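Undergrad: predicted coordinates and the sequence they were generated for:
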Amino acid sequence: MDNIPLWVQLLALACLIFLSAFFAMAETALMAANKFRLRHEAKRGSRRAIATLWLLERTERLLSLVLIANTLLNAMAIALVTAIAITQFGLDEHVILVAIGIVVFLLIVVAEIAPKIIGARYADQLVLPASFILRPLLRAAKPLTWFVNLFVETLLRLFRVKPAGNPHESGLTADELRSVLLEAGNFMPQKHRSILLNLFDLDQISVEDVMTPRAQIEALNLAAPLATIRQQLAACRHNKLPVYDGEINQITGILHVRKALALLDETGEPDLARFRALLSAPYFIPQDTAALAQLQHFQEHRERLAIIVDEYGEVQGLVTLDDIIEEMIGEFTTSSTPAESSAESFGWNGGECLLDGATALRDINKRLGLHFPLDGPKTLNGLLLEYLQDIPDAPTSVRVDDCIIEVVKVQNQSVKVVKLRQH
């Protein structure tokens, strides 16, 4: 050491600290890098991304290399500064301790904390160039890492710890993917993110949650006079109508309204036989069918409308392809009447909201930010009946989920109008 100039020794010390900082920064950058972005770049042919993914597939060997390099570099730095102190000041214990303390402080700040913060903050920018240096080093140090890992695996077996598989090979769960979408606010338009999140929700709801209830189904009764049928068809707002014979549970088919109107224009007063010939077979589904599964069933059966029945075969409601699609992308159909348009666009007004008793609880939760339970009744009317265990009289109030529900109007054994007040 006496023959080596002091500036060369200090330069060597600086190089050792710099190399230690590089390995610390590279380790953090590799662990914090966006794996999805790397896979995307690799598919586009990026050699750096391919090299990075190659390293991440060998996490245990990579960590061994980084830790071995860091430990050796730090030990060499401390040994070098000790030698410099002895050469310059002799065997003075106080000088040696001070010199070691200074270099340890530098290693902690300059070679550990600072580079790891930089690696975590700029992981995506640093990981690709760092992988070009680490990949050949990992191959060159393969015998050393194998030898070290041999003892590591033996120690793990003694403690009955099974080495984990590659964490980067495991797929994301639905909840994890949902979290990724929620955090993608800066990279994805709000509408696109909302559609994808709603698609996840489709698997959690059934057709019963999005159906048109039995009492609100617009259907055609073949037992009615032809004049009444003609008038109903002329005023119909739908392309297709369920057709029943006398009672709604006796659905005989689905009628295409345009074909029926064309037949009426052609013959004036057609007989029921020709009318029945226009009907297509009804498509029945159970009420607990998942909405996402039903979307696939619509595609497989080439249907757009389904009649929902319970375990006794009684009609509970009707669901269309549009109903399920609207759950994903939001309402896109135009309301036919101003009253319907007003009902669909409800919101808080001075801390109050006036609603129809048949309003779905899911729609209320979405629009008003409430958290009414969804595992039981589907409508406000059903929720009130469940809580009160009786058909209430107006005015009656009940508090649910920090919201006061006031019954405003009761008609035909059901709650027709309700006022919500924020508590």
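TA: Great, that's in hand.
Undergrad: what residue ranges in the stretch 151-300 of the chain score low on pLDDT?
TA: Within the stretch 151-300 of the chain, the stretches with pLDDT under 70 are 163-172, 184-187, 265-271.
Undergrad: what ranges do the strands span in it?
TA: Ranges of strands in the stretch 151-300 of the chain, per DSSP state E, counting those that start in this stretch, are 212-213, 220-221, 240-244, 251-256, 284-286.
Undergrad: paired strands for the last one, with orientation please.
TA: Right, strand 284-286. Here strand 284-286 is paired, per DSSP bridges, with strand 305-309 (parallel).
Undergrad: tell me the domain boundaries of the chain?
TA: 6-158, 173-204, 206-329, 338-422 (automatic domain parsing).
Undergrad: list the buried residues for stretch 351-362?
TA: Residues Cys353, Leu355, Asp356, Gly357, Ala358, Thr359, Ala360, Leu361, Arg362 are the ones in stretch 351-362 that count as buried (16 or more other CB atoms under 10 Å). C-beta coordinates here come from the backbone N, C-alpha and C atoms, glycine included.
Undergrad: and stretch 131-139, by the same measure?
TA: For stretch 131-139, by 16+ other CB under 10 Å, it's Ser131, Leu134, Arg135, Leu138.
Undergrad: what is the nearest of those to Ile254?
TA: Comparing the buried residues of stretch 131-139 against Ile254 with CB to CB places Ser131 closest, at 60.6 Å.
Undergrad: figure out how far the stretch of helix or strand that closest one belongs to is from the centre of its chain.
TA: For Ser131, the host element (DSSP states H and E) is helix 123-140. The chain centre lies 32 Å from the centre of helix 123-140; the measure is CA atoms, centre = their mean, to the nearest Å.
Undergrad: picking up where we left off before, the buried residues of stretch 351-362 in strands, which ones?
TA: Cys353, Leu355, Asp356 (DSSP state E).
Undergrad: what's across from the last one in the sheet?
TA: Beta-bridge pairing of Asp356 under DSSP bridges involves Val417.
Undergrad: my guess is it meets Val417, correct?
TA: Yes: using CB atoms under 8 Å, Asp356 makes contact with Val417 at a distance of 6.7 Å.
Undergrad: re earlier: ok, so of the buried residues of stretch 131-139, who is nearest His192?
TA: For these, the nearest to His192 is Ser131 (31.5 Å; CB to CB).
Undergrad: identify the residues contacting that closest one.
TA: Leu30, Arg48, Ala51, Thr52, Trp54, Leu55 (CB atoms under 8 Å, 6 or more residues apart in numbering).
Undergrad: change it to 10 Å
TA: Counting by CB atoms under 10 Å, 6 or more residues apart in numbering, Ser131 makes contact with 26, 29-30, 33, 38, 47-56, 62, 138.
Undergrad: restricted to helices, list those residues.
TA: 26, 29-30, 38, 47-56, 62, 138 (DSSP state H).
Undergrad: of those, buried ones?
TA: Buried members of the ones in helices among the contacts of Ser131, scored by 16+ other CB under 10 Å, are 26, 29-30, 38, 48-53, 55-56, 62, 138.
Undergrad: which one of those residues is nearest Thr320?
TA: Leu38 (42.8 Å).
Undergrad: now render the ones in strands among the buried residues of stretch 351-362 as TSV, adding distance to Ile404.
TA: Shown next, in TSV, are these (distance: CB to CB, whole Å):
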residue	distance to Ile404
Cys353	11
Leu355	13
Asp356	18
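Undergrad: redo those as TSV? Include distance to Ala223 and pLDDT.
TA: Putting those into TSV (distance: CB to CB, whole Å; pLDDT from 0 to 100) gives the following:
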residue	distance to Ala223	pLDDT
Cys353	40	89
Leu355	35	88
Asp356	29	87
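Undergrad: and of these, the nearest to Glu208?
TA: Asp356 (18.4 Å).
Undergrad: please report how far the most centrally placed residue in the chain lies from Ala24.
TA: Per CA atoms, centre = their mean, the C-alpha nearest to the average position across the chain is that of Arg178, at 2.0 Å. As for Arg178, its distance to Ala24 is 34 Å (criterion: CB to CB, to the nearest Å).
Undergrad: can you pull out the strands in the stretch 301-423 of the chain?
TA: Counting by DSSP E, counting those that start in this stretch, the strands of the stretch 301-423 of the chain are 305-309, 315-320, 352-356, 396-400, 403-411, 414-422.
Undergrad: in the last one, what counts as buried?
TA: So the one you mean is strand 414-422. For strand 414-422, by 16+ other CB under 10 Å, it's Ser414, Val415, Val417, Val418, Lys419, Leu420.
Undergrad: of these, just say which sits nearest to Ala14.
TA: Ala14 has its nearest neighbour among the buried residues of strand 414-422 in Leu420, at 69.5 Å by CB to CB.
Undergrad: please name the nearest non-neighbouring residue to that closest one.
TA: Closest residue in space to Leu420, ignoring its immediate chain neighbours: Cys353 at 4.5 Å, by CB to CB, 6 or more residues apart in numbering.
Undergrad: and that neighbour, what does it touch?
TA: Contact partners of Cys353, counting by CB under 10 Å, 6+ apart, are 346-347, 359, 364, 367-368, 370, 403, 418-422.
Undergrad: specify which member of these is nearest to Pro395.
TA: In terms of CB to CB, no member of these lies closer to Pro395 than Lys419, at 8.9 Å.
Undergrad: was I right about the closest one contacting Ser397?
TA: Yes: applying CB atoms under 10 Å, one finds Lys419 in contact with Ser397, separated by 8.9 Å.
Undergrad: now the common contact residues for the two.
TA: Ile404, Ile405, Glu406, Val407.
Undergrad: out of these, which end up buried?
TA: Buried members of these, scored by 16+ other CB under 10 Å, are Ile405, Glu406, Val407.
Undergrad: residue ranges with poor pLDDT in the stretch 1-150 of the chain?
TA: For the stretch 1-150 of the chain, residues meeting the criterion pLDDT under 70 lie at 1-2.
Undergrad: and Ala75, how many residues sit next to it?
TA: 11 (other CB atoms under 10 Å).
Undergrad: can you pull the contacts of it?
TA: So Ala75 contacts Leu16 (CB under 10 Å, 6+ apart).
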